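*Asks:* No letters, just coordinates:
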C-alpha cells in the first residue's frame with residue numbers, strides 16, 4: 001500500500017511536471033480506468049483532483065529573476081521570496097513585526113523591519129507542543145495555523161489555532177522574548193485563524209473561523225486576552241472565508257478576510273458600525289490580469305508617514321507561500337489595494353512599487369548561512385516536530401552542530417531534523433559533514449523535504465561508509481562507497497524553483513564537486529514549501545552514533561551571482 005501510494009503521488013506530480021510522465025504513462029496501462037485515490041494533507045481525494053490542485057493558477061510563462069529591495073527606492077514582489085504563509089504584520093512605533101504559520105515546524109519565527117521590505121529574524125515564540133503526536137512525528141500539517149500578532153497595554157500578543165488542539169496564545173513584553181509558555185485558552189478541535197481586538201471602550205473580542213474555512217465567529221474576550229467569555233456569535237458566512245483580521249477606522253469595524261482558497265482566493269473586506277454586524281462586503285484584491293494567483297490573506301498596516309499597505313501571500317509550487325506587499329489607500333470608507341489594471345473596480349497585485357516613505361534602509365535578506373559558532377541555534381533553523389533535548393548540541397563539539405542518531409525508519413520519522421525555509425528562485429546549499437563518529441545503521445546528511453522526502457547522505461554498514469540518495473519511503477536509488485580515508489564529506493544541492501529542478505553533488509575536499517544522481521523534482525507538501533534539512537538517525541531500531549555538521553553555506557539569487 002505504501003509503495004502504491006508513493007507511485008500514485010509521483011504520477012500526480014508527473015502530469016504537471018513532464019520529468020515523470022514516461023513512468024506514469026507506462027504504468028497507467030496496467031491500472032484500471034477508474035480514478036485512483038490519493039491522500040493530500042491527510043485527506044482522501046482523487047488523482048485528478050490532486051493534479052488539478054497542482055495545476056491551478058500557475059503561470060509558467062512568468063519567469064522573474066529579482067525580488068525584494070532593488071536599492072533604488074523601489075521593490076519587486078515578492079518582498080520575501082520564501083514560505084511565510086498566512087503572514088500577519090503590525091507596527092509598533094517605527095518598527096514592523098511579522099509572524100506566519102509554521103505548522104509542524106517548531107518555533108514560529110518573529111521578524112522585524114523598518115520599511116516592510118527588508119526583514120530580519122527577531123525571535124522564536126515556542127519550542128515544542130505538549131499534545132499527542134509531536135514526539136512520534138505524526139502531526140504533519142498540524143501545529144500552528146494562521147497566527148495574529150498584536151500589541152496592547154505594553155505587551156505583544158500572539159494567537160493561533162492548532163486544528164486538533166484548539167486556541168493558543170502567548171505574550172511578551174519584549175518582542176525578542178522570552179515569550180510566555182503557550183496557553184491553551186480554548187481546548188477542542190476545529191478552530192482556525194484567530195485574531196484579537198481591543199476596542200476603545202475597554203471591551204475585548206476574538207474572531208476566528210472554522211476548519212474548512214468558515215463561518216466567521218466573534219467571541220467576547222477578557223481584557224487581559226487570556227480567556228473567552230461566551231460561545232461566540234456568527235457574523236459572516238462566505239465561500240472559504242477565513243483568516244479574519246480586525247481593524248477599526250472612522251467609526252467602522254472592518255474584517256479583512258480571504259475567500260476562495262489558498263491557491264485561487266481573493267481578498268474581501270467587511271465593514272459595519274457594530275462589531276457584530278450586519279456587515280457590508282467588498283472585493284478589494286484579485287488576480288485579475290496579473291500572473292499572481294491567489295493574492296490574499298495578510299495584514300493591513302499603516303506607516304509613520306501616513307501611507308497604507310497590504311501584505312499577503314501567494315501560493316507557489318516549490319517555495320510555498322511567498323510574501324507580497326501592495327500599496328493601499330482609503331476611498332469612500334473602503335480600502336483600495338494594488339492597482340485596478342483591468343478597470344473593473346477591484347485592485348490587482350503590483351509587480352514593483354516605491355518603498356514606504358521616510359526610511360532609507362539598505363537592501364538585506366534574512367541571514368541563513370551558519371557556521372555553528374554561536375552557543376545558541378540561529379533563528380533561521382526550525383526543528384521538524386518537537387526536538388529531543390540532549391540529543392543535539394552546539395556545545396558538545398564547539399563550532400559544530402552535533403545530532404545524535406535516534407531510531408527511525410526514514411527521514412519522515414527522524415527526530416531532531418533541522419530545517420530552514422527555501423529562499424529565492426535559484427540557489428545552492430552546501431554543508432560539511434564529519435562522519436567519523438557514525439555507527440552501523442546510521443544515516444546522516446542533507447535532505448530536501450517536500451512531497452518527496454529526498455535526501456543525500458552517508459550511511460554506515462558493517463563498518464563501511466557509503467554515499468546514498470533516498471526517496472520518500474526509504475528506498476535508496478543510488479549508493480557509492482566512500483573513500484575509507486575520508487573523514488569529512490561536503491554535501492550540496494542546487495535548486496531552480498521556476499523550473500522545479502533539484503540536483504545533488506558531493507565533494508571530499510570542499511572544492512571539487514561531483515554530480516550524484518539525476519536531477520529530480522519536488523513540490524510543497526503539508527501546507528509548507530520545500531525545505532533543506534540536516535538529519536541523523538539509525539535504522540537498526542536502536543540509538544547509534546552521531547553526525548557533526550559545519551559550514552552551512554546558503555547562496556541564492558543575487559548572492560549566488562556574486
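*Replies:* Perfect, thanks for sending it. Since the structure is predicted, the reported quantities are computational estimates derived from the model, not experimental observations.
*Asks:* So which residues of the stretch 451-562 of the chain form strands?
*Replies:* 453-461, 464-470, 476-481, 488-496, 501-507, 514-515, 531-538, 546-556 (DSSP state E, counting those that start in this stretch).
*Asks:* Between strand 453-461 and the last one, find me the angle.
*Replies:* It refers to strand 546-556. 150 degrees (axes from the mean of the first three to the mean of the last three Cα atoms, to 10 degrees).
*Asks:* Which positions in strand 546-556 come out as buried?
*Replies:* Using 16 or more other Cβ atoms under 10 Å as the test for burial, strand 546-556 gives 546, 547, 548, 549, 550, 551, 552, 553, 554, 555, 556. Just so you know, the C-beta spots here come from the backbone N, C-alpha and C atoms, and that holds for glycine as well.
*Asks:* will you turn these into CSV that also has pLDDT?
*Replies:* Listed next are these as CSV, based on pLDDT from 0 to 100:
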residue, pLDDT
546, 98
547, 98
548, 98
549, 98
550, 98
551, 98
552, 98
553, 97
554, 96
555, 96
556, 95
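*Asks:* Farthest-apart pair in the residues you listed, please.
*Replies:* Maximum pairwise distance in those, criterion Cβ to Cβ, is 29.4 Å, between 546 and 556.
*Asks:* Any idea which residue is closest to the centre of this protein?
*Replies:* residue 83 (3.8 Å; Cα atoms, centre = their mean).
*Asks:* Read off the pLDDT value for that residue.
*Replies:* If you check residue 83, the pLDDT there is 98.
*Asks:* can you check residue 330 too?
*Replies:* Reading off the model, residue 330 has pLDDT 97.
*Asks:* And residue 26, by the same measure?
*Replies:* Reported pLDDT for residue 26: 31.
*Asks:* And stretch 259-279, end to end?
*Replies:* 15 Å (Cα to Cα, to the nearest Å).
*Asks:* Helices of the chain, residue ranges please.
*Replies:* 2-16, 21-28, 47-55, 557-561 (DSSP state H).
*Asks:* Run a quick neighbour tally on residue 190.
*Replies:* Neighbours of residue 190 under the rule other Cβ atoms under 10 Å: 11.
*Asks:* If you tally nearby residues, what's the number for the closest residue to it other than its chain neighbours?
*Replies:* Closest residue to residue 190 apart from its sequence neighbours, by Cβ to Cβ, 6 or more residues apart in numbering: residue 211 at 5.0 Å. Neighbour count for residue 211, taken as other Cβ under 10 Å: 15.
*Asks:* Return the residues in contact with residue 211.
*Replies:* 163, 189, 190, 191, 192 (Cβ atoms under 8 Å, 6 or more residues apart in numbering).
*Asks:* Could you let me know which of those residues ends up closest to residue 542?
*Replies:* Nearest to residue 542, judged by Cβ to Cβ, of the contacts of residue 211 is residue 163 at 34.1 Å.
*Asks:* from memory that closest one sits against residue 145, does it?
*Replies:* Yes: taking Cβ atoms under 8 Å as the definition, residue 163 is a contact partner of residue 145 at 6.3 Å.
*Asks:* Give me the more crowded residue out of the two.
*Replies:* The residue with more neighbours, out of residue 163 and residue 145, is residue 145; 23 against 17, by other Cβ under 10 Å.
*Asks:* Report pLDDT for that one.
*Replies:* pLDDT recorded at residue 145 is 97.
*Asks:* so it bridges to which residues?
*Replies:* residue 161 (DSSP bridges).
*Asks:* any idea how far it is from residue 207?
*Replies:* Distance of residue 145 to residue 207, given as Cβ to Cβ, to the nearest Å: 14 Å.
*Asks:* cool, and residue 115?
*Replies:* In terms of Cβ to Cβ, residue 115 sits 29 Å off from residue 207.
*Asks:* Please apply the same query to residue 215.
*Replies:* Applying Cβ to Cβ, the value for residue 215 to residue 207 is 11 Å.
*Asks:* Now for those two: what residues contact both?
*Replies:* With contacts taken as Cβ under 8 Å, 6+ apart, residue 215 and residue 207 have residue 235 as neighbours in common.
*Asks:* Would you mind telling me which of the two has more residues around it?
*Replies:* Ranked by neighbour count (other Cβ under 10 Å), residue 215 and residue 207 place residue 207 first, with 25 against 15.
*Asks:* For the residue lying closest to that one once chain neighbours are set aside, list the residues it contacts.
*Replies:* Computed as Cβ to Cβ, 6+ apart, the closest residue to residue 207 that is not its neighbour in sequence is residue 244, at 4.3 Å. Counting by Cβ under 8 Å, 6+ apart, residue 244 touches 193, 194, 195, 207, 208, 209, 216, 255, 256, 257.
*Asks:* rerun that using 10 Å as the cut-off
*Replies:* Going by Cβ atoms under 10 Å, 6 or more residues apart in numbering, residue 244 touches 146, 148, 192-195, 197, 206-209, 216-218, 235-236, 255-258, 270.
*Asks:* try residue 540
*Replies:* Contacts of residue 540 by Cβ under 10 Å, 6+ apart are 405, 407, 439, 440, 441, 442, 461.
*Asks:* can you do 8 Å?
*Replies:* Going by Cβ under 8 Å, 6+ apart, residue 540 touches 407, 440, 441.
*Asks:* these two touch, right, the first one and residue 443?
*Replies:* No: under the criterion of Cβ under 8 Å, residue 407 lies out of contact with residue 443, with a separation of 11.4 Å.
*Asks:* Can you pick out the residue with more neighbours from the two?
*Replies:* Taking neighbours as other Cβ under 10 Å, residue 407 and residue 443 compare with residue 443 leading, 27 against 16.
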